[in-house]
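Engineer: Sequence plus the predicted model coming up.
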Amino acid sequence: MSINLSHTHGDSKYNQQKDVNSQKSKKSKKDLQRVPSRRNVRAKVVRNTSSIYAQPKISSSSKSANIVNQVINTIFRATIVGVGIGTLFGTFLASRDLTKPLFPEIDLTFLAKILPQTQESNTKKVAIPVEKMQEESTKKNLAATKVNFTKEDAKLKKKFATLTAKYPQHKVSAFFVDLDNGVYVNSDGIKPFPAASTIKIPVLVAFLEDVDAGKIYLDEQLTLTKSSQVSGSGGMQYAGLNHKYSAIHTATEMIISSDNAATEMIIERLGGRDKLNKRFEKWGLESTVINNPLPDLKGTNTTSARDLAILLAKVNQGQLISLRSRDRLMDIMTRTKTRTLLPQGIESGAMIAHKTGDIGTVLGDAGIIDMPTGKRYVGVVFTARPYNDVSARTLIQDISRSAYQHFKWYIPRSNQKTKK
């Protein structure tokens, strides 16, 4: 009896628990039905997104209005950019000195050797008259002297032509420069000529250039060697081997007595002919070359009237050598003993610093002339002649006289009354 009761009690309790569990499971199913599935969520998101980004229908009038707005917007932006660029460029120009090149020149030495070859290969060769080529070459070399060369004096050139026509047996080369105003005369002055003793002028300039650089001292002793004991003009050759002279004495005798041994001693001291020739080329002297020792009676050492005129003009302007050395050069050259050529064409009150040259077949003279009026000019004359023809001397004198009188009077003076 008791056992049945307990069994019945257990069944009823079990049934109650079963009912409770079934109710919970039903409730959880309902809750799960309320929660949307992932597929449903995605579908809703897509529907909502498509509804948000759906393009509204635009009429044709709205499209044309949008195009106009875009064009105006583009123009406005371009205008703003242009104004900005203009402002920046204006600021840049305001900070520049417009009197100077915007982009400075750059000296590219290696291109200087390449470009002329390239230009020659890419351009057609055109025949240029010889006179025009000489004129352009003259102006190019004269520009290097930093003297304001203006124009060629046609009247003086005509006078030279008239004079030389009287001496058909001579071939004349002359070059004159008025150092006050840059007027010059080129009468076949570019043609190379045997230099004779006029080659001693560039040697003297090179000597003084090294004195300025401290490479040579005026009072240092130079030795007469076998190679420098040459014949010809001058007396230093007779002093005997190993005789010593001061450098300034040697350079002075080279000019005033045209001493050949002194010249060779100076050339040796300066490093020899090759080094001097390179220096002459650096100075812009196109035809000035020392090929053999003096006296060089065959005329292998060359120069030109223009070369010597340009060299003397540079020295006068304080180039190549210092003003002190220029004064020393002028003092030495005014004491030249041979005064039968250019000095014969100037007046007594004038002063000339010059150097002559004579090897029998060629006669020449080059110098700087100071007139009593204060005018200064450079004159160089060479003439190829029959051997020792004395008429060459007269010809050079006549050319010198014609140039002196021309420079004296070709610029009219205003008659100024002196105040009492």
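Structural biologist: Noted; the coordinates are in hand.

Engineer: Which elements pack onto the helix or strand encompassing Val381?
Structural biologist: In this assignment (DSSP states H and E), Val381 forms part of strand 376-384. Packing contacts for strand 376-384, counted by 3 or more C-beta pairs under 8 Å, 6 or more residues apart in numbering; DSSP states H and E, involve strand 171-178, helix 305-316, strand 362-370, helix 391-409. Bear in mind the C-beta positions are built from the backbone N, C-alpha and C, glycine included.

Engineer: Now do the longest one and strand 362-370, the angle between them.
Structural biologist: Right, helix 391-409. Going by axes from the mean of the first three to the mean of the last three C-alpha atoms, to 10 degrees, helix 391-409 is angled at 20 degrees with respect to strand 362-370.

Engineer: list the helices and strands helix 391-409 packs on?
Structural biologist: helix 154-164, strand 171-178, strand 362-370, strand 376-384.

Engineer: re earlier: tell me the angle the strand holding Val381 makes with helix 391-409.
Structural biologist: Using the same axes, to 10 degrees: strand 376-384 against helix 391-409 is 160 degrees.

Engineer: out of the helices and strands packed on strand 376-384, nearest to Ala239?
Structural biologist: Of all these, strand 362-370 sits nearest to Ala239, with 28.4 Å by C-beta to C-beta.

Engineer: Strand partners (parallel or antiparallel) of the closest one?
Structural biologist: strand 351-358 (antiparallel), strand 376-384 (antiparallel) (DSSP bridges).

Engineer: Using neighbour counts, pick out the buried residues of that strand.
Structural biologist: The neighbour-count check on strand 362-370 (16 or more other C-beta atoms under 10 Å) flags 362-370 as buried.

Engineer: low pLDDT regions in the chain?
Structural biologist: Residues of the chain that meet the criterion pLDDT under 70 lie in 1-65, 89-149, 412-420.

Engineer: how is it carved up into domains?
Structural biologist: Here the domain parsing of the chain from automatic domain parsing is 1-34, 142-199+285-409.

Engineer: most packed of these?
Structural biologist: Comparing those by mean neighbour count (mean count of other C-beta atoms under 10 Å), domain 142-199+285-409 ranks first with a mean of 19.

Engineer: rewinding a little: turn the strands paired with strand 362-370 into a markdown table, including distance to Lys200.
Structural biologist: Output for the strands paired with strand 362-370, formatted as a markdown table (distance: least, C-beta to C-beta, whole Å):
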| stretch | distance to Lys200 |
| --- | --- |
| strand 351-358 | 6 |
| strand 376-384 | 14 |
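
Engineer: just so I know, which of the ones you listed lies nearest Leu294?
Structural biologist: Closest to Leu294 of these is strand 351-358 (C-beta to C-beta; 10.6 Å).

Engineer: So which residues make contact with the closest one?
Structural biologist: 195-201, 255, 258, 329-334, 336, 338, 340-343, 346, 363-370, 382 (C-beta atoms under 8 Å, 6 or more residues apart in numbering).

Engineer: In helices, which of the residues you listed fall?
Structural biologist: Counting by DSSP state H, the part of these found in helices is 200-201, 255, 329-333.

Engineer: Can you add distance to Asn316 and give the helices and strands packed on helix 391-409 back as a markdown table?
Structural biologist: Converted to a markdown table, the helices and strands packed on helix 391-409 look like this (distance: least, C-beta to C-beta, whole Å):
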| stretch | distance to Asn316 |
| --- | --- |
| helix 154-164 | 19 |
| strand 171-178 | 9 |
| strand 362-370 | 6 |
| strand 376-384 | 7 |
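
Engineer: Of all the ones you listed, which one comes closest to Glu209?
Structural biologist: Checking these against Glu209 by C-beta to C-beta gives strand 362-370 as the closest, at 17.6 Å.

Engineer: Strand 171-178 and the closest one, what's the angle between them?
Structural biologist: Taking the same axes, to 10 degrees, strand 362-370 and strand 171-178 form an angle of 10 degrees between their directions.

Engineer: quick one: strand 362-370 to helix 305-316, angle?
Structural biologist: Here the directions of strand 362-370 and helix 305-316 differ by 30 degrees (the same axes, to 10 degrees).

Engineer: Convert the C-alpha atoms of strand 362-370 to CSV, please.
Structural biologist: Taking Å, rounded to 0.1, in the frame of the first residue of the first chain, the C-alpha atoms of strand 362-370 are listed here in CSV:
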residue,chain,number,x,y,z
VAL,A,362,112.7,92.6,-93.5
LEU,A,363,112.7,95.9,-91.6
GLY,A,364,110.3,96.8,-88.9
ASP,A,365,109.6,99.0,-85.9
ALA,A,366,106.9,98.9,-83.2
GLY,A,367,106.2,101.4,-80.4
ILE,A,368,104.0,103.6,-78.3
ILE,A,369,104.0,107.3,-79.2
ASP,A,370,103.1,110.1,-76.8
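
Engineer: when you give positions from now on, start the count at 292
Structural biologist: Fine by me, first position is 292 from now on; the one you just mentioned is strand 653-661.

Engineer: Surely Glu544 and Ala530 touch.
Structural biologist: No: judged on C-beta atoms under 8 Å, Glu544 makes no contact with Ala530 at a distance of 11.1 Å.

Engineer: Quickly list what's touching both of those two.
Structural biologist: Common neighbours of Glu544 and Ala530 (criterion: C-beta under 8 Å, 6+ apart): Tyr536.

Engineer: So between these two, which is more surrounded?
Structural biologist: Set side by side, Glu544 and Ala530 show more neighbours around Glu544, with 22 against 13, by other C-beta atoms under 10 Å.

Engineer: contacting residues for Ala675?
Structural biologist: Contact analysis of Ala675 by C-beta under 8 Å, 6+ apart lists 461-462, 484, 652-653.

Engineer: try it again with 6 Å
Structural biologist: With contact set as C-beta atoms under 6 Å, 6 or more residues apart in numbering, Ala675 has these partners: 462, 653.

Engineer: Who does it form a beta bridge with?
Structural biologist: With DSSP bridges as the criterion, Ala675 is bridged to Lys462, Val653.

Engineer: Many thanks, have a good one.
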